[in-house]
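K.L.:
using only what follows, build the 3D model:
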Amino acid sequence: MKIRVGLVGLGDAWQQRHVPALRALADRFEVRAVCDPVGHRAQQAAREFGALVVDGYHALSAREDVDAILLFSPGWFGPLPLLAACDAGKAVYCGAELDLQLTEAEAIRRCVEQSGVAFMAEFPRRHAPGTLRLKELIATDLGPPQLLFCHQRLSVGNPPNGSGGAPPQDMVKRELIELVDWCCYVVGRRPNFVSGVAHRRPADAAEDDYRMFSLDFSDRERPGTGPVAQISCGHYIPARWQEAINYRPLAELQVSCENGIAFVDLPSTLVWFDEAGRHQETLESERPVGEQLLAQFHHAVTSLVRRNSDLDDAYCALLIVAEAMRSFREGQRVELS
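P.N.:
As a prediction, this is how the structure comes out:
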(Lines give C-alpha, C1' and ligand atoms only; values in the text may rest on other atoms or scores of the structure.)
Protein backbone atom coordinates (compact mmCIF):
# COMPACT_ATOMS: atom_id res chain seq x y z
CA MET A 1 0.00 0.00 0.00
CA LYS A 2 1.38 3.39 -1.02
CA ILE A 3 0.88 6.23 1.47
CA ARG A 4 0.34 9.74 0.12
CA VAL A 5 2.32 12.20 2.23
CA GLY A 6 2.70 15.93 2.70
CA LEU A 7 6.03 17.43 3.76
CA VAL A 8 6.10 20.23 6.33
CA GLY A 9 9.50 21.88 6.76
CA LEU A 10 12.55 20.30 5.14
CA GLY A 11 15.30 20.84 7.71
CA ASP A 12 19.05 20.34 7.70
CA ALA A 13 18.82 16.54 7.37
CA TRP A 14 16.60 16.75 4.28
CA GLN A 15 19.21 16.07 1.58
CA GLN A 16 21.35 13.70 3.63
CA ARG A 17 18.71 11.52 5.30
CA HIS A 18 15.17 12.11 4.06
CA VAL A 19 15.55 12.52 0.29
CA PRO A 20 17.45 9.20 -0.14
CA ALA A 21 14.94 7.44 2.13
CA LEU A 22 11.90 8.69 0.20
CA ARG A 23 13.51 7.72 -3.11
CA ALA A 24 14.39 4.24 -1.86
CA LEU A 25 10.84 3.75 -0.56
CA ALA A 26 9.08 5.13 -3.64
CA ASP A 27 6.94 1.99 -3.69
CA ARG A 28 5.56 2.89 -0.24
CA PHE A 29 5.41 6.70 -0.20
CA GLU A 30 4.15 9.23 -2.71
CA VAL A 31 4.93 12.88 -1.97
CA ARG A 32 1.86 14.92 -2.95
CA ALA A 33 2.43 18.32 -1.32
CA VAL A 34 5.23 20.41 0.23
CA CYS A 35 5.10 23.31 2.68
CA ASP A 36 8.21 25.16 3.82
CA PRO A 37 8.77 28.75 5.02
CA VAL A 38 11.53 29.15 2.39
CA GLY A 39 9.68 29.30 -0.92
CA HIS A 40 12.47 28.30 -3.32
CA ARG A 41 13.33 25.30 -1.12
CA ALA A 42 9.71 24.12 -1.19
CA GLN A 43 9.59 24.52 -4.98
CA GLN A 44 12.80 22.56 -5.45
CA ALA A 45 11.54 19.68 -3.28
CA ALA A 46 8.17 19.70 -5.08
CA ARG A 47 9.87 19.48 -8.49
CA GLU A 48 12.09 16.66 -7.23
CA PHE A 49 9.10 14.51 -6.29
CA GLY A 50 6.47 15.77 -8.73
CA ALA A 51 4.41 17.36 -5.94
CA LEU A 52 2.59 20.64 -5.38
CA VAL A 53 3.70 23.57 -3.24
CA VAL A 54 1.06 24.37 -0.63
CA ASP A 55 0.87 27.67 1.21
CA GLY A 56 0.44 26.75 4.88
CA TYR A 57 0.40 23.59 6.97
CA HIS A 58 -3.36 23.89 7.65
CA ALA A 59 -4.11 23.74 3.93
CA LEU A 60 -1.71 20.83 3.50
CA SER A 61 -3.24 18.81 6.36
CA ALA A 62 -6.74 19.40 4.99
CA ARG A 63 -5.96 18.00 1.53
CA GLU A 64 -7.92 14.86 0.67
CA ASP A 65 -4.99 13.44 -1.33
CA VAL A 66 -2.70 13.45 1.75
CA ASP A 67 -2.81 10.51 4.16
CA ALA A 68 0.09 11.43 6.45
CA ILE A 69 2.25 14.39 7.43
CA LEU A 70 6.06 14.21 7.54
CA LEU A 71 7.32 17.03 9.76
CA PHE A 72 11.06 17.44 9.09
CA SER A 73 11.63 20.92 10.52
CA PRO A 74 9.62 23.00 13.02
CA GLY A 75 10.48 26.31 11.31
CA TRP A 76 8.59 29.21 12.83
CA PHE A 77 5.45 27.14 13.35
CA GLY A 78 6.80 24.80 16.06
CA PRO A 79 4.36 22.05 17.10
CA LEU A 80 1.31 23.59 15.38
CA PRO A 81 1.50 21.29 12.30
CA LEU A 82 1.21 18.28 14.63
CA LEU A 83 -2.03 19.63 16.07
CA ALA A 84 -3.36 20.46 12.60
CA ALA A 85 -2.57 16.95 11.39
CA CYS A 86 -4.37 15.40 14.37
CA ASP A 87 -7.42 17.61 13.77
CA ALA A 88 -7.47 16.42 10.16
CA GLY A 89 -7.04 12.77 11.19
CA LYS A 90 -3.67 12.41 9.44
CA ALA A 91 -0.84 10.17 10.65
CA VAL A 92 2.30 12.00 11.80
CA TYR A 93 6.01 11.30 11.39
CA CYS A 94 7.90 13.77 13.56
CA GLY A 95 11.46 14.08 12.28
CA ALA A 96 11.85 17.59 13.72
CA GLU A 97 13.53 18.46 16.98
CA LEU A 98 10.78 20.41 18.68
CA ASP A 99 11.61 22.68 21.61
CA LEU A 100 8.52 21.97 23.70
CA GLN A 101 7.51 22.89 27.20
CA LEU A 102 5.86 20.14 29.25
CA THR A 103 2.42 21.72 28.91
CA GLU A 104 2.79 21.81 25.10
CA ALA A 105 3.99 18.21 24.99
CA GLU A 106 1.07 17.09 27.15
CA ALA A 107 -1.37 18.91 24.85
CA ILE A 108 0.11 17.16 21.79
CA ARG A 109 -0.01 13.83 23.60
CA ARG A 110 -3.71 14.26 24.41
CA CYS A 111 -4.46 15.41 20.87
CA VAL A 112 -2.76 12.38 19.31
CA GLU A 113 -4.45 9.97 21.71
CA GLN A 114 -7.89 11.47 21.14
CA SER A 115 -7.52 11.52 17.35
CA GLY A 116 -6.28 7.91 17.24
CA VAL A 117 -3.78 8.62 14.46
CA ALA A 118 -0.45 6.82 14.09
CA PHE A 119 2.44 8.85 15.49
CA MET A 120 6.16 8.16 15.21
CA ALA A 121 9.06 10.21 16.56
CA GLU A 122 12.41 10.04 14.81
CA PHE A 123 15.06 8.62 17.17
CA PRO A 124 18.03 7.94 14.85
CA ARG A 125 20.42 6.97 17.66
CA ARG A 126 18.18 4.02 18.55
CA HIS A 127 18.32 2.50 15.10
CA ALA A 128 21.98 3.13 14.26
CA PRO A 129 23.91 -0.10 13.51
CA GLY A 130 26.16 0.49 16.55
CA THR A 131 23.19 0.63 18.91
CA LEU A 132 21.49 -2.43 17.46
CA ARG A 133 24.70 -4.47 17.72
CA LEU A 134 25.19 -3.26 21.31
CA LYS A 135 21.71 -4.52 22.21
CA GLU A 136 22.63 -7.91 20.73
CA LEU A 137 25.83 -8.06 22.78
CA ILE A 138 23.97 -7.11 25.97
CA ALA A 139 21.61 -10.04 25.37
CA THR A 140 24.48 -12.47 24.65
CA ASP A 141 28.11 -11.75 25.61
CA LEU A 142 28.19 -8.58 27.70
CA GLY A 143 25.21 -9.09 30.01
CA PRO A 144 23.01 -6.42 31.62
CA PRO A 145 24.25 -2.80 31.65
CA GLN A 146 25.46 -1.43 34.98
CA LEU A 147 26.95 1.98 34.17
CA LEU A 148 26.42 4.19 31.11
CA PHE A 149 28.37 7.33 30.21
CA CYS A 150 26.92 9.42 27.41
CA HIS A 151 28.59 12.72 26.46
CA GLN A 152 27.97 15.26 23.71
CA ARG A 153 30.28 18.23 23.17
CA LEU A 154 28.86 21.04 21.02
CA SER A 155 30.65 24.15 19.84
CA VAL A 156 29.23 27.64 20.17
CA GLY A 157 28.09 28.92 16.78
CA ASN A 158 28.41 25.52 15.08
CA PRO A 159 25.04 23.80 15.51
CA PRO A 160 24.58 20.11 14.63
CA ASN A 161 22.47 18.90 11.71
CA GLY A 162 18.78 19.21 12.37
CA SER A 163 19.11 22.05 14.88
CA GLY A 164 17.89 24.61 12.37
CA GLY A 165 20.32 27.21 13.70
CA ALA A 166 18.69 27.11 17.14
CA PRO A 167 20.21 29.02 20.07
CA PRO A 168 22.85 27.06 22.04
CA GLN A 169 20.49 26.61 25.01
CA ASP A 170 17.88 24.96 22.80
CA MET A 171 20.54 22.82 21.08
CA VAL A 172 21.68 21.45 24.45
CA LYS A 173 18.11 20.70 25.56
CA ARG A 174 17.28 18.87 22.33
CA GLU A 175 20.47 16.82 22.47
CA LEU A 176 19.79 15.90 26.09
CA ILE A 177 16.28 14.70 25.27
CA GLU A 178 17.60 12.31 22.63
CA LEU A 179 20.52 11.19 24.80
CA VAL A 180 18.10 10.40 27.64
CA ASP A 181 15.95 8.36 25.27
CA TRP A 182 19.07 6.58 23.95
CA CYS A 183 20.17 5.49 27.42
CA CYS A 184 16.65 4.36 28.34
CA TYR A 185 16.52 2.31 25.13
CA VAL A 186 19.87 0.64 25.83
CA VAL A 187 18.93 -0.20 29.44
CA GLY A 188 15.48 -1.35 28.33
CA ARG A 189 13.42 0.56 30.87
CA ARG A 190 12.88 4.02 32.33
CA PRO A 191 14.69 5.49 35.36
CA ASN A 192 13.05 6.04 38.73
CA PHE A 193 15.35 8.82 39.97
CA VAL A 194 17.16 11.75 38.37
CA SER A 195 19.55 14.42 39.59
CA GLY A 196 20.93 17.33 37.60
CA VAL A 197 23.84 19.76 37.56
CA ALA A 198 24.17 22.91 35.46
CA HIS A 199 26.94 25.47 34.93
CA ARG A 200 26.95 29.08 33.75
CA ARG A 201 29.96 31.10 32.64
CA PRO A 202 29.98 33.82 33.79
CA ALA A 203 27.92 32.96 36.86
CA ASP A 204 25.36 35.71 36.17
CA ALA A 205 24.78 34.65 32.55
CA ALA A 206 21.21 34.03 31.43
CA GLU A 207 21.90 30.57 29.97
CA ASP A 208 23.73 27.39 30.99
CA ASP A 209 26.74 26.29 28.95
CA TYR A 210 26.85 22.77 30.44
CA ARG A 211 24.34 20.32 31.89
CA MET A 212 24.87 16.89 33.42
CA PHE A 213 22.22 14.39 34.54
CA SER A 214 22.40 11.16 36.50
CA LEU A 215 19.64 8.65 35.82
CA ASP A 216 19.12 5.90 38.39
CA PHE A 217 17.28 2.84 37.05
CA SER A 218 17.15 1.12 40.47
CA ASP A 219 13.96 -0.09 42.09
CA ARG A 220 12.26 2.62 44.12
CA GLU A 221 12.78 0.65 47.33
CA ARG A 222 16.53 0.13 46.64
CA PRO A 223 18.06 3.29 45.09
CA GLY A 224 21.64 2.96 43.90
CA THR A 225 21.47 -0.79 43.28
CA GLY A 226 20.50 -0.74 39.60
CA PRO A 227 21.98 0.67 36.40
CA VAL A 228 23.06 4.32 36.47
CA ALA A 229 23.52 6.57 33.43
CA GLN A 230 25.55 9.77 33.42
CA ILE A 231 24.57 12.10 30.60
CA SER A 232 26.18 15.43 29.79
CA CYS A 233 26.02 18.02 27.04
CA GLY A 234 27.64 21.44 26.76
CA HIS A 235 28.57 24.22 24.35
CA TYR A 236 31.54 25.68 26.18
CA ILE A 237 34.05 25.58 23.26
CA PRO A 238 33.88 28.44 20.69
CA ALA A 239 33.48 27.31 17.09
CA ARG A 240 36.75 29.03 16.10
CA TRP A 241 38.69 26.63 18.35
CA GLN A 242 38.40 23.71 15.94
CA GLU A 243 41.54 22.01 17.21
CA ALA A 244 40.18 22.03 20.77
CA ILE A 245 36.76 20.77 19.67
CA ASN A 246 38.27 17.75 17.92
CA TYR A 247 40.88 16.95 20.56
CA ARG A 248 40.50 13.54 22.18
CA PRO A 249 36.72 13.23 21.72
CA LEU A 250 35.07 10.83 24.14
CA ALA A 251 33.12 7.84 22.89
CA GLU A 252 29.51 8.87 22.33
CA LEU A 253 28.36 6.05 24.59
CA GLN A 254 30.35 3.91 27.03
CA VAL A 255 28.54 1.01 28.67
CA SER A 256 29.94 -1.06 31.53
CA CYS A 257 28.11 -4.38 31.66
CA GLU A 258 28.15 -7.43 33.89
CA ASN A 259 30.64 -9.29 31.68
CA GLY A 260 32.46 -6.55 29.77
CA ILE A 261 32.51 -2.99 28.52
CA ALA A 262 31.58 -1.39 25.19
CA PHE A 263 32.39 1.91 23.45
CA VAL A 264 30.02 3.14 20.73
CA ASP A 265 30.65 5.87 18.13
CA LEU A 266 27.68 6.33 15.84
CA PRO A 267 26.63 5.34 13.39
CA SER A 268 28.59 2.12 13.01
CA THR A 269 31.72 1.81 15.16
CA LEU A 270 31.68 -0.46 18.20
CA VAL A 271 34.63 -1.58 20.34
CA TRP A 272 34.03 -3.99 23.21
CA PHE A 273 36.10 -5.88 25.74
CA ASP A 274 35.54 -9.08 27.69
CA GLU A 275 37.79 -11.75 29.21
CA ALA A 276 38.93 -12.75 25.73
CA GLY A 277 40.26 -9.24 25.07
CA ARG A 278 39.41 -6.52 22.56
CA HIS A 279 36.84 -6.82 19.77
CA GLN A 280 36.41 -4.06 17.19
CA GLU A 281 33.49 -4.00 14.78
CA THR A 282 32.75 -1.64 11.91
CA LEU A 283 29.17 -2.41 11.10
CA GLU A 284 27.22 -2.22 7.91
CA SER A 285 23.47 -1.89 7.79
CA GLU A 286 21.29 -3.28 5.05
CA ARG A 287 19.43 0.01 5.02
CA PRO A 288 20.41 3.53 6.09
CA VAL A 289 18.82 4.71 9.33
CA GLY A 290 16.50 7.18 7.61
CA GLU A 291 15.14 4.45 5.38
CA GLN A 292 14.60 2.10 8.31
CA LEU A 293 12.67 4.76 10.22
CA LEU A 294 10.34 5.62 7.35
CA ALA A 295 9.76 1.91 6.67
CA GLN A 296 8.67 1.52 10.30
CA PHE A 297 6.34 4.50 9.93
CA HIS A 298 4.77 2.92 6.85
CA HIS A 299 4.14 -0.24 8.87
CA ALA A 300 2.66 1.80 11.73
CA VAL A 301 0.22 3.55 9.37
CA THR A 302 -0.86 0.44 7.48
CA SER A 303 -0.98 -1.88 10.50
CA LEU A 304 -4.20 -2.44 12.40
CA VAL A 305 -2.27 -2.20 15.67
CA ARG A 306 -1.97 1.38 16.82
CA ARG A 307 1.56 2.51 17.65
CA ASN A 308 1.95 5.07 20.44
CA SER A 309 5.13 3.96 22.21
CA ASP A 310 7.23 6.63 20.46
CA LEU A 311 4.89 9.34 21.70
CA ASP A 312 5.19 8.07 25.26
CA ASP A 313 8.97 7.73 24.99
CA ALA A 314 9.39 11.26 23.61
CA TYR A 315 7.21 12.69 26.36
CA CYS A 316 9.08 10.66 29.00
CA ALA A 317 12.47 11.94 27.81
CA LEU A 318 11.23 15.54 27.90
CA LEU A 319 9.82 15.00 31.39
CA ILE A 320 13.13 13.56 32.64
CA VAL A 321 15.08 16.56 31.30
CA ALA A 322 12.65 18.97 32.97
CA GLU A 323 12.82 17.09 36.28
CA ALA A 324 16.63 17.04 36.12
CA MET A 325 16.66 20.82 35.91
CA ARG A 326 14.23 20.98 38.84
CA SER A 327 16.68 18.77 40.72
CA PHE A 328 19.45 21.29 40.03
CA ARG A 329 17.34 24.24 41.17
CA GLU A 330 16.21 22.51 44.36
CA GLY A 331 19.54 20.85 45.11
CA GLN A 332 18.14 17.34 45.58
CA ARG A 333 17.44 14.12 43.73
CA VAL A 334 13.97 13.84 42.19
CA GLU A 335 11.88 10.68 42.13
CA LEU A 336 10.16 10.26 38.75
CA SER A 337 6.49 9.44 38.57
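K.L.:
for the rest of this, base every contact and every neighbour count on C-alpha atoms.
P.N.:
OK.
K.L.:
Ala205: how many residues sit nearby?
P.N.:
10 (other C-alpha atoms under 10 Å).
K.L.:
equivalent analysis for Asp27, please.
P.N.:
11.
K.L.:
and if you look at His279?
P.N.:
11.
K.L.:
repeat that for Asp65.
P.N.:
15.
K.L.:
could you find the closest non-adjacent residue to it?
P.N.:
Using C-alpha to C-alpha, 6 or more residues apart in numbering and skipping the chain neighbours, the partner closest in space to Asp65 is Arg4 (6.7 Å).
K.L.:
next: Arg220.
P.N.:
The nearest residue in space to Arg220 (C-alpha to C-alpha, 6+ apart) is Asn192, at 6.4 Å.
K.L.:
tell me which residues touch that neighbour, please.
P.N.:
Counting by C-alpha atoms under 8 Å, 6 or more residues apart in numbering, Asn192 makes contact with Leu215, Asp216, Phe217, Ser218, Asp219, Arg220, Glu335, Leu336, Ser337.
K.L.:
among the residues you listed, which one lies nearest to Arg109?
P.N.:
Among the contacts of Asn192, Ser337 lies closest to Arg109 (C-alpha to C-alpha), at 16.9 Å.
K.L.:
how far away is the closest residue to the closest one other than its chain neighbours from Ile3?
P.N.:
Residue nearest to Ser337 in three dimensions, not counting chain neighbours: Asn192, with 7.4 Å by C-alpha to C-alpha, 6+ apart. Applying C-alpha to C-alpha, to the nearest Å, the value for Asn192 to Ile3 is 39 Å.
K.L.:
for the helix or strand where the residue nearest to Asp65 lies, which helices and strands make contact with it?
P.N.:
Per DSSP states H and E, Arg4 falls inside strand 3-8. Judged by 3 or more C-alpha pairs under 8 Å, 6 or more residues apart in numbering; DSSP states H and E, the packing partners of strand 3-8 are strand 29-35, helix 57-62, strand 68-71.
K.L.:
can you put those in TSV and add mean neighbour count?
P.N.:
Shown next, in TSV, are the helices and strands packed on strand 3-8 (neighbours: other C-alpha atoms under 10 Å):
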stretch	mean neighbour count
strand 29-35	24
helix 57-62	21
strand 68-71	27
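K.L.:
just put these in a markdown table and tack on mean pLDDT.
P.N.:
Output for these, formatted as a markdown table (pLDDT from 0 to 100):
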| stretch | mean pLDDT |
| --- | --- |
| strand 29-35 | 96 |
| helix 57-62 | 94 |
| strand 68-71 | 95 |
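K.L.:
identify whichever of those lies nearest to His299.
P.N.:
Per C-alpha to C-alpha, nearest to His299 of these: strand 29-35, 11.5 Å.
K.L.:
paired strands for the strand holding Arg4, with orientation please.
P.N.:
Partners of strand 3-8 in the sheet, by DSSP bridges, are strand 29-35 (parallel), strand 68-71 (parallel).
K.L.:
flag every buried residue along it.
P.N.:
Ile3, Arg4, Val5, Gly6, Leu7, Val8 (16 or more other C-alpha atoms under 10 Å).
K.L.:
nearest to Ala121, of the helices and strands packed on strand 3-8?
P.N.:
Comparing the helices and strands packed on strand 3-8 by C-alpha to C-alpha, strand 68-71 comes nearest, at 9.8 Å.
K.L.:
so how far is that closest one off the chain centroid?
P.N.:
16 Å (C-alpha atoms, centre = their mean, to the nearest Å).
K.L.:
quick one: contacts of it?
P.N.:
Outside of strand 68-71, the residues within contact range by C-alpha under 8 Å, 6+ apart are 3-10, 61, 81-82, 85, 90-96.
K.L.:
one step back: now the strands paired with strand 3-8 as CSV including distance to Arg125?
P.N.:
Compiled in CSV, the strands paired with strand 3-8 are given as follows (distance: least, C-alpha to C-alpha, whole Å):
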stretch, distance to Arg125
strand 29-35, 23
strand 68-71, 18
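K.L.:
just so I know, which of these lies nearest Trp272?
P.N.:
strand 68-71 (36.5 Å).
K.L.:
tell me which residues in the lowest-mean-pLDDT helix or strand in the chain are buried?
P.N.:
Within the chain, no helix or strand scores below helix 242-245, which has a mean of 82 by mean pLDDT, DSSP states H and E. For helix 242-245, burial by neighbour count (16+ other C-alpha under 10 Å) applies to Ile245.
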